[in-house]
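>>> Next comes the sequence, and after it the predicted model I'd like to discuss.
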Amino acid sequence: MQISLKHIPIHPALKGHIGKLWVFESSGRIPDMDMKLVVPNGMMKLVIPFRNGFIGQRGNYLKSSAINQMTLVGVNDTPFIVDTEQDVASGTIGVEFKPHGAYRFFNVKQSELRNQIFHTPEVIGHAGKEIEERMADTEILEQKIKILQDYLLRLFLKTETDGIFEYCINAITQTLGRISIKELERKTGYSARWLNMKFDEKIGISPKNLCAISRFQFVFQTLVNNPDQLLLNKSYYNVYYDQSHFIKEFKRFTGLTPSRFEHGDNYFGKISYLE
């Protein structure tokens, strides 16, 4: 089994709102022993298979995408499993929007997409179908990526920045989720109720939930690259009150305890975090 994940340069105008643009390729289906687990990171995703179909599953909820079919994966606060439709070579283009980024591209209430998977035309209408058709008309990967980035740039340029919202998102991510809602109220002058409504509309999860995901992402990335540092040196105390708090939130976002996760196979889910 050969697997590769290539990061693609992001258009300069989009860098501030898109976290990652990547191409994933494999010579066949990810082995059954792999958990194929994708964990919450506060980022909405846009996925386009260009070789082999894509399947996303969360509990009993399952949705597939055919080749060249654009799929939106709403911001999630639970883990989900991904796979390919057939046991043959596969290739997928993926875009991950920063927590403060998705609202600049998709003018919908983001909470309506949370923990869901949609074919993009279901969300943005006929324009999404036109882009799918243009991408299907070329076999050249670089051209598919250019069509996609040009389309995202057009969407981005039609919208305006929400400064208060983006300030709050940056405050949460930069403090690894250790800022309180009361502190956000004090710094912005807006009430917790107003902030929750703003987050519901523009990211799809509450400030408190994003704080939890930001803490989790810190320890998850450490676990992928330096498991001894995290579990033996207990560096998770940097963001969690104690071990029980750490285990509870880790299990919430992976479905497993840290030790069970560490000893399981989840290469697919970890590949984008590997240094």
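Okay, I see it.

>>> rest of the way, CA atoms for contacts and neighbours
OK.

>>> Next SSE downstream of whatever helix or strand K251 lives in?
Assessed by DSSP states H and E, K251 sits inside helix 243-254. Downstream of helix 243-254, the first helix or strand assigned by DSSP H and E is helix 258-262.

>>> So what touches that following helix?
223, 227, 247, 250-251, 254 (Cα atoms under 8 Å, 6 or more residues apart in numbering).

>>> Can you select the buried ones from the residues you listed in PyMOL?
Once 16 or more other Cα atoms under 10 Å is used to decide burial, the buried members of the contacts of helix 258-262 can be selected in PyMOL as follows:
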select buried, resi 223+227+247+250+251+254
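
>>> Run through the stretch 101-250 of the chain and note the low-pLDDT ranges.
Low-confidence segments of the stretch 101-250 of the chain, defined by pLDDT under 70: 227-236.

>>> one more time with 80
225-238 (pLDDT under 80).

>>> all strands for it, in order.
For the stretch 101-250 of the chain, strands defined by DSSP state E, counting those that start in this stretch occupy the ranges 117-119.

>>> quick one: the helices in it?
120-124, 126-136, 141-157, 163-174, 181-188, 192-202, 207-225, 227-231, 243-254 (DSSP state H, counting those that start in this stretch).

>>> May I have the residues that are in contact with Q86?
29, 52-53 are the contacts of Q86 under Cα under 8 Å, 6+ apart.

>>> what's the burial count for R114?
19 (other Cα atoms under 10 Å).

>>> Looks like it contacts L72 (just checking).
No. Counting by Cα atoms under 8 Å, R114 stays clear of L72, with 10.3 Å between them.

>>> Walk me through the domains of the chain.
What automatic domain parsing lists as the domains of the chain is 3-157, 163-265.

>>> how far is the last one from where the chain is centred?
Think domain 163-265. 14 Å (Cα atoms, centre = their mean, to the nearest Å).

>>> Checking the residue lying closest to N115 once chain neighbours are set aside next. Helix, strand or coil?
Computed as Cα to Cα, 6 or more residues apart in numbering, the closest residue to N115 that is not its neighbour in sequence is N76, at 4.6 Å. When classified by DSSP: H, G, I helix; E, B strand; the rest coil, N76 comes out as coil.

>>> wait, doesn't N76 sit right on P40?
Yes. Counting by Cα under 8 Å, P40 is a contact partner of N76 at 5.6 Å.

>>> Next, find the distance separating K45 from I247.
The gap separating K45 from I247 is 27 Å, by Cα to Cα, to the nearest Å.

>>> if we can go back for a sec, how about CSV for the contacts of Q86, with distance to H100 and pLDDT added?
Below are the contacts of Q86 laid out as CSV (distance: Cα to Cα, whole Å; pLDDT from 0 to 100):
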residue, distance to H100, pLDDT
R29, 33, 90
N52, 31, 95
G53, 29, 93
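
>>> of those residues, buried ones?
Burial by neighbour count, judged by 16+ other Cα under 10 Å, picks out 29, 52-53 from the contacts of Q86.

>>> The residues you listed into TSV, with extra columns for distance to I147 and secondary structure?
Converted to TSV, the buried ones among the contacts of Q86 look like this (distance: Cα to Cα, whole Å; DSSP: H, G, I helix; E, B strand; the rest coil):
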residue	distance to I147	secondary structure
R29	27	coil
N52	20	coil
G53	20	coil
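
>>> Make TSV from the residues you listed and add distance to L5 to it.
Output for the buried ones among the contacts of Q86, formatted as TSV (distance: Cα to Cα, whole Å):
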residue	distance to L5
R29	15
N52	16
G53	17
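
>>> So which of the residues you listed is the closest to H17?
G53 (27.2 Å; Cα to Cα).

>>> Would you list the phi and psi of the closest one?
phi -80, psi 170 (degrees, to the nearest 10).

>>> For I140, see how far away it is.
18 Å.

>>> Specify the next element, helix or strand, located C-terminal of the strand or helix carrying L62.
Secondary structure assignment for L62, by DSSP H and E: strand 61-65. Using DSSP H and E, the helix or strand that directly follows strand 61-65 along the chain is strand 71-73.

>>> Mean neighbour count, the helices of the stretch 101-250 of the chain: which tops it?
Scoring the helices of the stretch 101-250 of the chain by mean neighbour count under mean count of other Cα atoms under 10 Å gives helix 207-225 as the most buried, with a mean of 21.
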